[in-house]
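Trainee: Structure for this input, please:
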Amino acid sequence: MAREGSIPNDSRVKLAAGLAKIGLVIRHEAWREAGEHGLTPTQAQVMVTVDASPGGRLSVGEIARALAVTQPTVSDAISALERKGLIVRDRSEDDGRVVQVRLTAAGRRKTRALASWSDVLLRAIGDLDEHEQGVFVRGLMKMIRSLQQAGRIPTARMCSTCTYFRPHAHPGSATPHHCAYIDAPLRDVDLRLDCDEHETIEPEQAERLWEVFVGGQPAASAQRASRQSHRGHQH
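Mentor: Below is the predicted model:
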């Protein structure tokens, strides 16, 4: 038992403290980068989120869910971006009752600059070797999944929930996984935490796919699950 006033010897506490320090750096860099472009961090996040969407258009509610903030917060950011000529509102092509936002040409140019991570953070990640980066990616996937299940962050388009993902399809190799979308083997470090080509696997198959991914079990059952899910998408 830890003495009164001492720091608990709990690895979770130490890791949480470390992540909090990294979070401070990320927030600082976000404020600095957005400020250099005359934006607040929320305005910058709105622009990057809209630009990254499949159709380049999102409703206020969709943006709010993606950023895990309130709709009034997003609406205020959009109004400010409209005044700056970086974003416009349109009626949805599918449902005229729904208002969506899209970037202007000037907004797209500015977003390209915003989308790049700071050199200081990339250099810090570069200090990890390939194996360490792969372990980090797997750890992040587990944490993101747990936070999603707790309803604390929006759903991410990760490999581990994709119908094209084949975990441990090449056991014993340096590239153990496989992506059926690009028909290529993957290292742990190649795994995506947010992929534009992501197609969510059917719920009844998702848990099995996850078990195979984290357990390193033979991939045959996971491949069958993914194929069944993909056939369901096609019908």
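Trainee: So for stretch 10-23, mean pLDDT?
Mentor: The predicted model assigns stretch 10-23 a mean pLDDT of 91.
Trainee: Quick one: classify the most centrally placed residue in the chain as helix, strand or coil.
Mentor: Residue closest to the average C-alpha location in the chain (C-alpha atoms, centre = their mean): residue 194, at 3.9 Å. Following DSSP: H, G, I helix; E, B strand; the rest coil, residue 194 is assigned to coil.
Trainee: which residues touch it?
Mentor: Neighbouring residues of residue 194 by C-beta atoms under 8 Å, 6 or more residues apart in numbering: 52, 156-158. (Glycine included, C-beta is placed from N, CA and C.)
Trainee: Just the pLDDT for it.
Mentor: 88.
Trainee: ok, so what distance separates it from residue 99?
Mentor: To residue 99, residue 194 is 25 Å away according to C-beta to C-beta, to the nearest Å.
Trainee: Show me where the protein has its strands.
Mentor: Assigned by DSSP state E, the strands in the chain fall at 58-59, 87-91, 99-103, 165-166, 177-179, 184-186.
Trainee: Output the contacting helices and strands for the first one.
Mentor: For strand 58-59, the helices and strands in contact under the criterion 3 or more C-beta pairs under 8 Å, 6 or more residues apart in numbering; DSSP states H and E are strand 99-103.
Trainee: tilt between the strand it packs on and strand 87-91?
Mentor: 150 degrees (axes from the mean of the first three to the mean of the last three C-alpha atoms, to 10 degrees).
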